[in-house]
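1. Fold the stuff below for me.
(one chain, ligands or ions: 2)
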Amino acid sequence: MSESEQEIRKGLAGVVVDTTAVSKVDPESNSLLYRGYPVQELAATQSFEAVAWLLWHGELPTPDELTAFERLERAQRSLAPEVRAAIELTPTTAHPMDVVRTAVSVLGATDPNADDRSPEATLEKSVRLFAAIPAIVAFDERRRKGEDLVEPRNDLDYARNFLWMTFGEVPDDDVVDAFRVSLVLYAEHSFNASTFAARVITSTLADVYSAVTGAVGALKGQLHGGANEAVLHTFVEIGLDEAPEGRAADWLDLALAEKRKIMGFGHRVYKNGDSRVPTMRAALERLVEYYDRPEVLALYEELEQSMAERKNIKPNLDYPSGPAYHLMGFSTEAFTPLFVAARVVGWTAHIREQLGANALIRPLSAYVGPEERHVPAS
Ligand SMILES: CC(=O)SCCNC(=O)CCNC(=O)[C@H](O)C(C)(C)COP(=O)(O)OP(=O)(O)OC[C@H]1O[C@@H](n2cnc3c(N)ncnc32)[C@H](O)[C@@H]1OP(=O)(O)O
Ligand SMILES: O=C([O-])CC(=O)C(=O)O
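-> Ligands and ions are numbered 1, 2, ... in the order given. Presented below is the predicted three-dimensional model:
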């Protein structure tokens, strides 16, 4: 069979590219397992640090392992001077995802052993990135508002410290918990586009930072991580300060008539709803109650129901996460960087797995351009 006669699966839809032991996405049972554990159980019981350890090591940490890991993470939270300088060089008009991408790249350029791909070094770099990203996101968020950097606090866990560095105060437990749940749910999702990008880059034997920089770029797009930001733009377009009372349905009719994609809906793998949505929706409901913003939930429900009636398409995780981050007080453009902070765990778990059994990822293409021809004699 010639190359052009082979079946082409646009977007690699339905193609199984490799094995993975990191997570299992099962659209049939509508479930998501991290190293065998249902993500809902992890979100209900585990710190984000424990989930990161699980994804990297394959087992939940013992109390001693967790304590040692927390100490290691807390020691690497400060914004490195080179990273701070690079962020300050970027205009505040740059999208925060561009800032995160640049900062991750600078972290790589300042690691003298960036090219060490041993399992130990790769794990060290994973922890370094995990610990460093909150300070990057928080500092960028604050400088846009003309606010000074807030130094990390070593007496706080990852989620609390992230919120502390962003807002200069630690919110109530209800808010912290919704944030922690979002991080756990966002941490990993098999061969999604950004993780696959990280694996492609890793497969060339490029360094961890290059793979994560590329993954940040892949996550930025609206068809992937950028959708959590886009959901809020939709909510603002409809108007989220008062109960929708039909405005969401009217907005949707117009948007569908214009053939617009409705952000936060649909999924390449799940066709009957995203396994993570009920857990994140419950967290959103708690936030709505905490902030006394019932109109946000009313809008969420009206748009969800209208989309189900018109297209039978269900929300993905970005749909409840967008309004949840909005209620917590994050700027809309900071939502996808929060996804980066969580997903860096999954990316680095996959980078380590890829390196453990590497094969260069290089598919074929079917050529449809002109047949061979020759430059005319002049
Ligand atoms: C955490 C995450 O990254 S989850 C994904 C976040 N992304 C989004 O929310 C963006 C909006 N959603 C989408 O664009 C899509 O659902 C994707 C990209 C996520 C998945 O897309 P695919 O599996 O490639 O499905 P595809 O785009 O081919 O859609 C199939 C059909 O459903 C329609 N459809 C799918 N999602 C949507 C949507 N959000 N709005 C409107 N129509 C949609 C398509 O138009 C298409 O219709 P058609 O057959 O009449 O042409
Ligand atoms: O799996 C996907 O294609 C997208 C997604 O939900 C994620 O990365 O969390």
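
2. alpha carbons only for contacts and neighbour counts from here, please
-> Fine.

3. looking at it, Y34 is touching S23, isn't it?
-> Yes. Here Y34 reaches S23: they are 4.5 Å apart, a contact under CA atoms under 8 Å.

4. between these two, what contacts are shared?
-> Common contacts of Y34 and S23, defined by CA atoms under 8 Å, 6 or more residues apart in numbering, comprise E188.

5. List, one by one, the residues from the stretch 51-200 of the chain near ligand 2.
-> Residues of the stretch 51-200 of the chain found near ligand 2 (CA under 6 Å from any ligand atom) are Y186, H189, N192.

6. for this protein, what spans make up the strands?
-> Using DSSP state E, the strands of the chain run over 23-26, 31-34, 37-38.

7. Out of those strands, flag the one nearest A132.
-> Among those, strand 31-34 comes nearest to A132, with 23.3 Å by CA to CA.

8. For ligand 2, what's the nearest residue on the protein?
-> Closest approach between the chain and ligand 2, counting by CA to the nearest ligand atom: N192, at 3.9 Å.

9. Might you report the residue contacts of that residue?
-> N192 touches nothing, counting by CA under 8 Å, 6+ apart.

10. Just send the residues of the stretch 51-200 of the chain next to ligand 2 back as TSV, with pLDDT too.
-> Shown next, in TSV, are these (pLDDT from 0 to 100):
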residue	pLDDT
Y186	99
H189	98
N192	98
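
11. Just send those back as TSV, with distance to ligand 1 too.
-> As requested, these are exported to TSV (distance: CA to the nearest ligand atom, whole Å):
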residue	distance to ligand 1
Y186	7
H189	8
N192	7
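
12. Out of the residues you listed, the closest to A324 would be?
-> Using CA to CA, Y186 is the member of these that lies nearest A324, at 13.3 Å.

13. Test my guess that the closest one contacts F339.
-> Yes. Using CA under 8 Å, Y186 is in contact with F339, at 6.2 Å.

14. Please give the number of neighbouring residues around W347.
-> Neighbourhood size, W347 [other CA atoms under 10 Å]: 32.

15. What of E371?
-> Look at E371: counted by other CA under 10 Å, it has 7 neighbours.

16. could you list every residue that touches it?
-> Contacts of E371 (CA under 8 Å, 6+ apart): none.

17. now do A86
-> Listed by CA under 8 Å, 6+ apart, the contact partners of A86 are T102, A103, V106.

18. Find me the pLDDT at it, would you?
-> Per-residue pLDDT puts A86 at 98.

19. how close does it sit to F139?
-> For A86, the distance to F139 equals 12 Å [CA to CA, to the nearest Å].

20. same check, this time on P112
-> 24 Å.

21. Equivalent analysis for S321, please.
-> Remark: distance between S321 and F139 (CA to CA) = 21 Å.

22. higher neighbour count, these two?
-> S321 (31 against 22).

23. Was I right to think the more buried one contacts L183?
-> No. S321 is beyond contact range of L183, at 9.9 Å (criterion: CA under 8 Å).

24. Could you list the contact residues of the stretch 201-350 of the chain toward ligand 1?
-> Residues of the stretch 201-350 of the chain lying near ligand 1 by CA under 6 Å from any ligand atom: 222-225, 227, 261-268, 316-318.

25. Name all residues that make contact with the spatially most central residue of the chain.
-> By CA atoms, centre = their mean, the chain has its centre lying nearest to F339, at 3.0 Å. By CA under 8 Å, 6+ apart, F339 lies in contact with L183, Y186, A187, G225.

26. Would you mind putting those into CSV with neighbour count and distance to L327 alongside?
-> What follows is the contacts of F339, written out as CSV (neighbours: other CA atoms under 10 Å; distance: CA to CA, whole Å):
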residue, neighbour count, distance to L327
L183, 26, 16
Y186, 24, 18
A187, 23, 21
G225, 27, 19
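
27. which one of the residues you listed sits closest to V344?
-> Closest to V344, out of all of the contacts of F339 and judged by CA to CA, is A187, at 7.2 Å.
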